[in-house]
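> Sequence plus the predicted model coming up.
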Amino acid sequence: DAGVTQSPTHLIKTRGQQVTLRCSPKSGHDTVSWYQQALGQGPQFIFQYYEEEERQRGNFPDRFSGHQFPNYSSELNVNALLLGDSALYLCASSLSGPGQGGTSNQPQHFGDGTRLSIL
Amino acid sequence: AQTVTQSQPEMSVQEAETVTLSCTYDTSESDYYLFWYKQPPSRQMILVIRQEAYKQQNATENRFSVNFQKAAKSFSLKISDSQLGDAAMYFCAYRSFMEYGNKLVFGAGTILRVKS
């Protein structure tokens, strides 16, 4: 049973560039969330995707965008990279439930993350 | 907005001893979920234990247990018989019960060191 997989593991970019990070959810999961974890800090919620739509969004600028595909995999795109975007980007998946918009009480399962370094 | 505070940046424990990690949170909601996650150097966030706020009984998972004090908005994690493999960063997290979606709000984390 494959868990959450993220690619690439590590990425180096320069200021102003654009980056795309990828996530495949755990088998059977249909909801994907993205988090940014700066060094030595707790993860911060970026956004969540369900049924190919952005369901919930944290306090991040429009430079951060995403997409969910019919197979539930997801991409996180960041444009016009800044030095402050250097962080570990975590993807988490979960199974939707009977709540509004698929909200459920199921826990989120995390991937190993993508370490993004901006020079 | 909900906030989670972990006031202990770092804790140490001797192997086989017991350690308690603290967490407080702020919310106006009456129903919610609380979690403890473990993040070893391998980076993967691993769920340790969860607590539903409507349950009065404290959750336990083998050597891990919580002390949930709803009125005080406190949610501490107790690790008994500590093992070297318990060394990691531990995060306390909150999730709304009513909010559309299920985003997690994390604390800043506590580094746990286990001495042999």
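Sure, I can see it.
> Now name the helix or strand holding the residue nearest the centre of chain B.
Geometric centre of chain B, nearest residue: residue B:36, 3.1 Å, by C-alpha atoms, centre = their mean. Using DSSP states H and E, residue B:36 maps to strand B:32-39.
> Residues touching that strand, excluding its own?
A:105, A:107, A:110, B:2, B:21, B:23, B:25, B:45-53, B:64, B:66, B:68, B:75, B:77, B:86, B:88-97, B:104, B:106, B:109 (C-beta atoms under 8 Å, 6 or more residues apart in numbering or on different chains). Just so you know, the C-beta spots here come from the backbone N, C-alpha and C atoms, and that holds for glycine as well.
> With stretch B:62-79 instead?
The contact list for stretch B:62-79, computed with C-beta under 8 Å, 6+ apart, reads B:13, B:18-27, B:34, B:36, B:48-49, B:51, B:53, B:58-60, B:80-83, B:86, B:90, B:92, B:112.
> chain center to that stretch, what's the gap?
Taking C-alpha atoms, centre = their mean, to the nearest Å, the mean C-alpha location of stretch B:62-79 is offset from the chain mean by 7 Å.
> how far does that stretch stretch from start to finish?
9 Å (C-alpha to C-alpha, to the nearest Å).
> What parts of chain B come near chain A?
Within reach of chain A by C-beta under 8 Å from any C-beta of the partner chain, chain B has these residues: B:4, B:6, B:33, B:35, B:37, B:42-47, B:50, B:52, B:91, B:97, B:99-109.
> Would you map the strands across chain A?
Taking DSSP state E as the test, the strands found in chain A are A:5-7, A:10-13, A:19-24, A:31-37, A:44-50, A:53-57, A:64-68, A:74-78, A:87-94, A:109-110, A:114-118.
> and those strands, which one is worst for confidence?
Of all the strands of chain A, strand A:53-57 carries the lowest average pLDDT, namely a mean of 91.
> Can you point out the buried residues in it?
The neighbour-count check on strand A:53-57 (16 or more other C-beta atoms under 10 Å in any protein chain shown) flags A:55-56 as buried.
> Name the surrounding residues that touch it.
Outside strand A:53-57, the residues that reach it (C-beta under 8 Å, 6+ apart) are A:31, A:45-49, A:66, A:68, A:101-102, B:99-103.
> Could you rerun that using 6 Å?
Strand A:53-57 has contacts (C-beta atoms under 6 Å, 6 or more residues apart in numbering or on different chains) with A:47-48, A:101, B:101, B:103.
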